[in-house]
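**Student:** Sequence below, structure please.
(2 chains)
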Amino acid sequence: MSTVPILEIENLHVSIEDKEILKGLNLTVNAGEIHALMGPNGSGKSTLAYVIAGHPSYEVTEGSIRYFGEDIFEWSPDERARKGIFLAFQYPTVIPGVSMANFLRMAVTNVRNARAEAAATDGGSAQPFTPREFRKLMREKMAQLKIDESFANRYLNEGFSGGEKKRAEILQMALLEPTLAIMDETDSGLDIDALRVVAEGVNSLMRPDMGVVLITHYQRMLNFIKPHFVHIMMDGRIVQQGGPELALELEEKGYEGLRAALAAGAQS
Amino acid sequence: MEATLTKGTTIPTGFTREAVEELSRQKGEPQWVLNARLAAWETYEQLPMPQRTDEEWRRTDIRPLKLDKLVPYAGVGERVASPDSVLATVEGGVSDESDRAGVVIQRDASTVFSEIKEEVAKQGVIYCDLDTAIREHPDLVRQYFMTQAVPANFGKFEALHAAFWQGGTFLYVPKNVAIELPFRSFVLAQQPAAVFAHTLVVLEEGAEAFFVDAFNSPTLDEQGFASEVVELILGKGSKLRYVQVQDWGRHVWNFMTERAILTNDSTLNSLHVTLGGKFSKNSIGSHLRGPNALAEMLGIYFGDGDQFFDHHTWQLHEAPYATSDLEFKGALKERARSVYSGLIKVYEGAQKTDAFQQNRNLILSREARADSIPNLEIGANDVRCTHGATVAQVVPEHIFYLQARGIPYTEAQKLIVEGFFRPVIDRIPVEEIQGFLEGAIARKVGI
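**Tutor:** Model (predicted):
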């Protein structure tokens, strides 16, 4: 096993339209680790998710993000995805006229082909899917996530309920088999049953060579997906880190209580 | 007598009365056909050239078109034994004989191949080039050819067409005969000369047919000119599906006028696909002349480079209880420009009219431009008319979402453009046409 971290973020400063959102963020994710990233609205959690995925609207002004030791800033968003970085969107986009099946086949084909090529250069011999294999796999994963088969023929996220959209995101994750998954408030807008299905999905997709960053506002999801580390983000920085117990403490005190405690700590 | 033109004749440039006479003489036409051509020539000379002060031409500039530099028709045309070699260069052109009810191929000024399935002909269906129709069915041609749907005095370019038409296709389906397989027509322009294509479809009461027109040419250095007139006559309760694919070379100035006449209970499903040409002016109209007539009018256009497309549509509700449903969608990349202008006209007394018109445009570059001008003119008080027009850029968040799933930028763009056209494509229940459209869109996006 490689000891190089999957994700290594150092002193990351990010602005959008000249407004600084991230102000010196550090985060390291190793293989097999699940990190929960918690924080109030506006603390910069989604910005971090977008920057890792390569959203063009954000400007990195300082610091670095390395993926297996390589700087990712020169990579286009699609290149990042093909290398195994996956973002589960908080608000998945509706794209009219594009069928789920067509979109998924195109995504999986691109990611698989890239992986097969990379494996080939390492002496491996991974094979891309045939359309038949793809359909079979898609049906299997859909059943697992309790997604109705008719989804495949619907337009991408069009008319999907909040829960359906989130399940569709997990379906994409299941098909793309990423190495680094950033899950941006995948729990938001879900009732308890939907949350359970989604969380079970994520748990079943976890592999020892994979890293996960769970971005969430509430501790609720962490009842279903057990993180190894919890980071609390405020105002563009990680202000506190710990184990799963930190999420429980946060749940009790609230962000305001934590902010007050931190301020008191800083003064004493 | 073969309806081909004399090989090796030199034809002087410019449209003249002498050229009309020479064309008719070479084709060996009867006197009444020549007379009709000459009358149209007189009309052409009398009518003024469209000006930008005319509402329909307000955004369409034809001043760079040099009509006097054009050779009015190409002088070579020999029949071929098989359509396959002629159609080999046409995208979606070669189809199995069993997949079509008939095929007519016009190359430049002459029909080079014409065929109708025996079991279709046995039912009284006529499908041939217009020269043959004039010889074998003169009464039908006299009754319908440029007399009802698009008369010769319709406008300047229609009059020129009536004077110089060449080749042409004629489909006649008798009462209560339904033919499921498509009638295919190909017009191929290969020489640097003006090309005129004419489509005349007559469906008698209760008849049903499916017609696919394709216009195709390589891109030449010389200025090109194409004129098409399409006349669709739908008898009581008849059903026609009409598809037109315009894929001329980039040197062609294209002028297409189509009118359909729908009588009681008839249904027209039309699709116009505009891909080629340097300039394409399309006037597409349906006269709803009887109760319960239904016109579905669909359009897809995709401009690139310096292409200019102008689509003018007319939903003419002349009778009560008729429905028209129009959806035209266009994508524009690079410096392409398009104008869409549509009129829903409800005549006095056309109560219970149900008319819908929608034009949507997707802009793929900074320099591309689309204008959309919907219009209503309503002379009855108990009608339902809706129209809508949009011009929008590709949403960057859509591209990012697809890229975040490993799909490269151009493929993401292709998916989005295909998705934009998808609702129209899905309205054509013909797999072959759907496949052709998907391919054409992919080629235009540039993959």
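**Student:** Return the set of residues that bridge with A:Leu214.
**Tutor:** On the basis of DSSP bridges, A:Leu214 is bridged to A:Ala36, A:Met183.
**Student:** That one and A:Ile232: what is the separation?
**Tutor:** Between A:Leu214 and A:Ile232 the distance is 13 Å, computed by C-beta to C-beta, to the nearest Å. No exception for glycine: its C-beta is placed from N, CA and C like everyone else's.
**Student:** do A:Val29 as well
**Tutor:** Relative to A:Ile232, A:Val29 is positioned 16 Å away (C-beta to C-beta).
**Student:** quick one: B:Lys329 from B:Ile284, how far?
**Tutor:** From B:Lys329 to B:Ile284 the distance is 14 Å (C-beta to C-beta).
**Student:** Run through the residues that contact the residue of the stretch 201-350 of chain B found nearest chain A.
**Tutor:** Ranked by C-beta to the nearest C-beta, the top residue of the stretch 201-350 of chain B for proximity to chain A is B:Lys329, at 10.0 Å. Going by C-beta atoms under 8 Å, 6 or more residues apart in numbering or on different chains, B:Lys329 touches B:Gly299, B:Ile300, B:Tyr301, B:Asn359, B:Arg360, B:Asn361, B:Leu362, B:Phe420, B:Phe421, B:Pro423, B:Val424.
**Student:** And for the nearest residue in space to the second one that is not next to it in sequence, the neighbour number?
**Tutor:** Okay, so that is B:Ile300. Spatial nearest neighbour of B:Ile300, excluding adjacent residues (C-beta to C-beta, 6 or more residues apart in numbering or on different chains): B:Val273 at 5.0 Å. Residues lying near B:Val273 (other C-beta atoms under 10 Å in any protein chain shown) number 24.
**Student:** Quick one: low-confidence residue ranges for the stretch 101-250 of chain B.
**Tutor:** Along the stretch 101-250 of chain B, the model assigns pLDDT under 70 to no residue.
**Student:** wait, I meant the stretch 301-447 of chain B
**Tutor:** Within the stretch 301-447 of chain B, the ranges that satisfy pLDDT under 70 run B:447.
**Student:** ok so, going back, look up the pLDDT of the residue nearest to B:Ile300 for me, please.
**Tutor:** Predicted confidence (pLDDT) for B:Val273: 97.
**Student:** Write down the beta-bridge partners of it, one by one.
**Tutor:** In this structure, B:Val273 bridges to B:Val245, B:Ile300 when assessed by DSSP bridges.
**Student:** Tell me the spacing between it and B:Arg58.
**Tutor:** For B:Val273, the distance to B:Arg58 equals 25 Å [C-beta to C-beta].
**Student:** Now do the same contact list for residue 182.
**Tutor:** As the question left the chain open, I've gone with chain A. Counting by C-beta under 8 Å, 6+ apart, A:Ile182 touches A:Ala49, A:Ile52, A:Ala53, A:Ile85, A:Phe86, A:Leu87, A:Ala88, A:Val213, A:Ile215.
**Student:** not what I meant, chain B
**Tutor:** B:Pro182 neighbours (C-beta under 8 Å, 6+ apart): B:Asp99, B:Arg100, B:Ala101, B:Phe210, B:Phe211, B:Val212, B:Val243, B:Val430.
**Student:** If you rank those residues by neighbours, which is first?
**Tutor:** Per-residue neighbour counts (other C-beta under 10 Å) across those peak at B:Phe211, which has 26 neighbours.
**Student:** That one belongs to a strand?
**Tutor:** Yes: B:Phe211 sits within a strand when classified using DSSP: H, G, I helix; E, B strand; the rest coil.
**Student:** Show me which residues of the stretch 51-200 of chain A sit near chain B.
**Tutor:** Within the stretch 51-200 of chain A, the positions near chain B by C-beta under 8 Å from any C-beta of the partner chain are A:53-56, A:76-78, A:80-82, A:86-87, A:89, A:92-93, A:95-99, A:102-103, A:106-107, A:110-111, A:114, A:155-156, A:172, A:176.
**Student:** which residues of the stretch 151-268 of chain A fall in strands?
**Tutor:** For the stretch 151-268 of chain A, the strands defined by DSSP state E, counting those that start in this stretch occupy A:155-156, A:180-184, A:211-216, A:229-234, A:237-242.
**Student:** Nearest to A:Leu205, out of these?
**Tutor:** strand A:180-184 (7.7 Å; C-beta to C-beta).
**Student:** and A:Met210, how many residues sit next to it?
**Tutor:** Per other C-beta under 10 Å, the neighbour tally for A:Met210 reads 20.
**Student:** nearest residue to it other than its sequence neighbours?
**Tutor:** A:Thr179 (5.6 Å).
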